[in-house]
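Novice: no FASTA, just this:
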């Protein structure tokens, strides 16, 4: 495994920011690392990279114990922190040259150009970092994390501040990198996580409350959704009276999203309603819970 975390704990006074968590991630895997603000995500990432010392437990990166050989681990990790601190008085290439020198790269110019091309920095590469938009500053941070071709990438909110087009471009970069690297990826944007990751870890109040494939987590929830469209406009009360409906949400004039703990029974009730009331159903399909709904349910349950 490229990342192995066992019993990891971090204390701030009497508060356990991270409370004995364990997980692993292998090469070729993009793992979404999710949690509410203050859940312990960034603290965990900083301990994996060696920037923070744990109060208990162990972290191994590419079979190297972070506490025993932090310098070796830093050579194998590319880290983009949430704050993304940069030297604003430097030019883009000058800054990346400095990072390449820190890593003692044998062919720094080639590495700099490759990183610039990977993250789409070329149009702004001649500028001072202070002159860049927030989105391009984020790209500089990502380029710096990639420049030494690390085996493991730790990305804390990597698309923060990017416009929609830039987000799509960086997603593609991360997907391609994930084919050959291990990526631990944190974001508050659930659609982004769904589009990039197939497995997620959810942490809440310092503890892991879920670790599985996104599809598996959606299937495990006790309720399901049914999408139904009618030719006619209905009042919500008609659907709320059905025996197996938990909640009703109107998505447009003729379409409803119904939550149920018995999908098959609800389908039969909808068909009976249509026959009894002379209604025309145009769409009737199953829908899995969105990742956002799964996240809210798991963190609410843990609270």
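Specialist: Sure, I can see it. Quick caveat: nothing in here was measured; it's all calculated off a predicted structure.

Novice: quick check, residue 77 in contact with residue 154.
Specialist: Yes: Residue 77 is within contact range of residue 154, at 6.1 Å (criterion: C-beta atoms under 8 Å). Any C-beta I mention is one placed from the backbone N, CA and C, and that applies to glycine too.

Novice: now do the shared contacts for these two.
Specialist: 48-49 (C-beta atoms under 8 Å, 6 or more residues apart in numbering).

Novice: list of residues touching the helix or strand bottoming out on mean pLDDT in the chain?
Specialist: Of all helical and strand segments in the chain, the minimum by mean pLDDT, DSSP states H and E falls on helix 291-302, at a mean of 76. Residues outside helix 291-302 that contact it (C-beta under 8 Å, 6+ apart) are 34-36, 39, 190-191, 193-194, 200, 202, 204-205, 207, 209-210, 214, 217-218, 221, 289.

Novice: apart from its chain neighbours, what residue comes closest to residue 52?
Specialist: For residue 52, ignoring the flanking residues on the chain, the nearest one in space by C-beta to C-beta, 6 or more residues apart in numbering is residue 46 at 4.1 Å.

Novice: what about the one you found, neighbour count?
Specialist: By other C-beta atoms under 10 Å, 20 other residues sit near residue 46.

Novice: can you give the contact residues for the helix or strand it falls within?
Specialist: Assessed by DSSP states H and E, residue 46 sits inside helix 41-49. Contact with helix 41-49 is made by 3, 5, 8, 10, 17-18, 21, 33-35, 52-54, 59, 61, 66, 73-74, 77, 79, 81-82, 154, 156, 184, 186, 203, as judged by C-beta under 8 Å, 6+ apart.

Novice: likewise stretch 28-40?
Specialist: With C-beta under 8 Å, 6+ apart, stretch 28-40 has contacts from 10, 17-19, 21, 25, 41, 44-45, 174-175, 178-187, 190, 193, 196-206, 214, 295, 299.

Novice: try 7 Å
Specialist: 17-18, 25, 41, 174, 178-180, 182-186, 193, 196-197, 199-206, 295, 299 (C-beta atoms under 7 Å, 6 or more residues apart in numbering).

Novice: generate a ChimeraX selection restricted to the buried subset of the residues you listed.
Specialist: Buried subset of those, written as a ChimeraX selection, criterion 16 or more other C-beta atoms under 10 Å:
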select :17,18,25,41,174,178,182,183,184,185,186,193,196,197,199,200,201,202,203,204,205,206,295,299
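
Novice: among the contacts of stretch 28-40, which are in strands?
Specialist: Judged by DSSP state E, strands contain the following of the contacts of stretch 28-40: 17-18, 25, 182-186, 199-204.

Novice: quick check, nearest of those residues to residue 275?
Specialist: residue 200 (41.6 Å; C-beta to C-beta).

Novice: give me the pLDDT for the closest one.
Specialist: If you check residue 200, the pLDDT there is 94.

Novice: that older thread, angle of the least confident helix or strand of the chain against strand 199-204?
Specialist: 40 degrees (axes from the mean of the first three to the mean of the last three C-alpha atoms, to 10 degrees).

Novice: what about the helices in this protein?
Specialist: Ranges of helices in the chain, per DSSP state H, are 41-49, 70-76, 92-102, 108-119, 134-146, 164-178, 190-196, 214-220, 236-240, 263-276, 291-302.

Novice: got these as a markdown table, with distance to residue 284 columns?
Specialist: Output for those, formatted as a markdown table (distance: least, C-beta to C-beta, whole Å):
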| stretch | distance to residue 284 |
| --- | --- |
| helix 41-49 | 39 |
| helix 70-76 | 51 |
| helix 92-102 | 54 |
| helix 108-119 | 44 |
| helix 134-146 | 42 |
| helix 164-178 | 32 |
| helix 190-196 | 24 |
| helix 214-220 | 20 |
| helix 236-240 | 13 |
| helix 263-276 | 6 |
| helix 291-302 | 20 |
